[in-house]
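Q: please find the sequence and the predicted model below.
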Amino acid sequence: MVDRISLDRLFVSVLETGSFVAASERMGVSSGQASKMLSRLETDLGVQLIKRTTRALSPTEIGQVYYERIKVLLEQRDELDASIRNTSGAPSGRLRITAPMSFGSAQLMPALLDFAERYPTLKFDVSFSDRLADLVEDGFDLAVRIGQLSDSSLIARRLCDARIVMVASPAYLEAHGTPTTPEDLTHHECIIDTNFRNPYSWPFRNTVSGQSITIPVTGRITLSNGEACLMAAERGLGVALLPSFIAGPKLREGRLVPLLLEAQAPPLGVHALYPPARHLALKVRVLSDFLADYFRGRPEWDEGW
């Protein structure tokens with residue numbers, strides 16, 4: 001039998017996600033089971049909580065009132081649960097983590113494997129995606145994000161820096177010359193990575209004034225993945241702007257050459273983010289501490305080139 005708290009959580013998830021499919025994914029049940037759970041809750045209460053149409057879901061008047069009250073009670077229960085767990089021994093439960101695809105697979109995954117070995121009582125649900133997930137709505141415990149942070153409602157902890165470096169292959173530079181100023185890029189074939197906030201405007205720092213400048217760039221190759229841009233640059237197809245955690249190994253091997261290091265823009269911050277709570281769950285606090293220690297200091301991907 002499903003307990004009443006699970007029914008209430010399902011109801012809250014349905015309203016917050018707007019669909020049984022999304023709510024069922026968050027709860028770890030099938031969409032059919034989610035529908036039955038809501039029907040059981042309505043039967044227990046003797047009222048209709050949600051109006052269902054073929055196009056949308058919306059709360060009834062009493063459903064809206066129940067949602068506002070039960071959501072607060074569930075949050076208070078979770079905070080109490082977290083405070084009790086924080087006084088107990090090892091962290092336990094399921095950790096849902098989201099991180100960018102390239103950084104997640106190449107740099108975060110080794111850290112998470114070490115963490116998983118250290119805490120065998122934890123379960124892990126990790127999503128590597130360049131989609132900017134909503135931690136609260138999508139049910140994530142912690143996110144790793146790179147760059148400027150826009151959501152001030154989340155708690156952010158800086159883990160390390162991610163340098164953005166311009167690179168090209170020795171073959172490309174031999175054939176087309178080496179740019180000596182950012183303005184020279186207007187005469188070069190640039191590989192465009194659409195994951196950047198402004199992919200056709202590359203940031204640099206003026207070597208005289210120290211002010212930030214942007215240079216408009218063009219190129220015949222546009223990609224939405226850092227590793228793909230790395231491959232294109234290594235093949236000599238143009239100049240690429242890449243995070244050093246992607247380009248670092250090829251720079252150490254000499255297969256790519258760093259360009260205009262003296263004019264590179266300030267590094268981006270790599271942060272761990274989690275929703276605010278009066279009592280931070282032990283599993284989230286321990287993971288945050290572990291990642292801060294793991295990435296402390298100069299990142300290994302910036303060494304040797």
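A: Good, I have the coordinates.
Q: tell me how far residue 263 lies from residue 248.
A: Going from residue 263 to residue 248 by CB to CB, to the nearest Å gives 19 Å. From N, CA and C alone the C-beta is placed, and that goes for glycine too.
Q: quick one, which of the two is more surrounded?
A: Higher neighbour count among residue 263 and residue 248: residue 248, with 23 against 18, using other CB atoms under 10 Å.
Q: SS state for the more buried one?
A: helix (DSSP: H, G, I helix; E, B strand; the rest coil).
Q: so in terms of bridging, what pairs with residue 191?
A: residue 221, residue 240 (DSSP bridges).
Q: dump the residue contacts of it.
A: 219, 221, 223, 229, 232-233, 237-240 (CB atoms under 8 Å, 6 or more residues apart in numbering).
Q: mind checking pLDDT for residue 197?
A: Looking at residue 197, its pLDDT reads 87.
Q: in contact with the nearest residue to it once chain neighbours are set aside, which residues?
A: Nearest-residue entry for residue 197: residue 147, 7.1 Å, with adjacent residues in sequence omitted and distances by CB to CB, 6 or more residues apart in numbering. Counting by CB under 8 Å, 6+ apart, residue 147 touches 197, 268-269.
Q: turn these into CSV, including secondary structure and distance to residue 214.
A: Formatted as CSV, the contacts of residue 147 follow (DSSP: H, G, I helix; E, B strand; the rest coil; distance: CB to CB, whole Å):
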residue, secondary structure, distance to residue 214
197, coil, 11
268, strand, 15
269, strand, 19
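Q: which of those are buried?
A: residue 269 (16 or more other CB atoms under 10 Å).
Q: between the contacts of residue 147, which is nearest residue 305?
A: residue 268 (18.4 Å; CB to CB).
Q: run through the bridge partners of that closest one.
A: The partner residues for residue 268, given DSSP bridges, come to residue 162.
Q: where does it land on pLDDT?
A: At residue 268, the pLDDT value in this model is 90.
Q: next one: it from residue 166, what distance?
A: 14 Å.
Q: hmm, residue 220 and residue 189 touching each other?
A: Yes: Residue 189 lies in contact with residue 220 (CB atoms under 8 Å); the separation is 6.8 Å.
Q: and the helix or strand bottoming out on mean pLDDT in the chain, how far from the chain's centre?
A: One helix or strand of the chain scores below all others by mean pLDDT, DSSP states H and E: helix 135-138, with a mean of 82. The chain centroid and the centroid of helix 135-138 are separated by 12 Å, computed with CA atoms, centre = their mean, to the nearest Å.
Q: now do the following helix or strand past it, average pLDDT.
A: Later in the chain than helix 135-138, the nearest helix or strand by DSSP states H and E is strand 142-146. In this model, strand 142-146 carries a mean pLDDT of 95.
Q: what residues sit buried inside strand 142-146?
A: 142-146.
Q: with these in mind, which one is nearest to residue 209?
A: Nearest member of the buried residues of strand 142-146 to residue 209, counting by CB to CB, is residue 146, at 26.7 Å.
Q: my read: residue 63 touches residue 52, true?
A: No: the pair residue 63 / residue 52 is not scored as a contact, 11.2 Å apart, by CB under 8 Å.
Q: between those two, who's got more neighbours?
A: The neighbour comparison of residue 63 against residue 52 (other CB under 10 Å) goes to residue 63, with 21 against 13.
Q: since we're on residue 177, how many residues are nearby?
A: By other CB under 10 Å, neighbour count at residue 177 equals 11.
Q: and for the one 10 residues further on?
A: Residues near residue 187, counting by other CB under 10 Å, number 9.
Q: ramachandran angles for the closest residue to it other than its chain neighbours?
A: Excluding its sequence neighbours, the residue lying closest to residue 187 (CB to CB, 6+ apart) is residue 179, at 7.9 Å. When read as degrees, to the nearest 10, the backbone of residue 179 gives phi -70, psi 130.
Q: tell me the bridge partners for the most centrally placed residue in the chain.
A: Centroid-nearest residue in the chain, with CA atoms, centre = their mean: residue 99, separated by 3.2 Å. Residue 99 has these beta-bridge partners by DSSP bridges: residue 128.
Q: is it true that residue 203 touches residue 263?
A: No: shown here, residue 203 and residue 263 do not form a contact pair, counting by CB under 8 Å, at 9.8 Å.
Q: which helices and strands sit right next to the lengthiest helix in the chain?
A: Longest helix of the chain, by residue count under DSSP state H: helix 61-85. Counting by 3 or more CB pairs under 8 Å, 6 or more residues apart in numbering; DSSP states H and E, the packing neighbours recorded for helix 61-85 are helix 4-17, helix 282-294.
Q: thanks a lot, see you next time.
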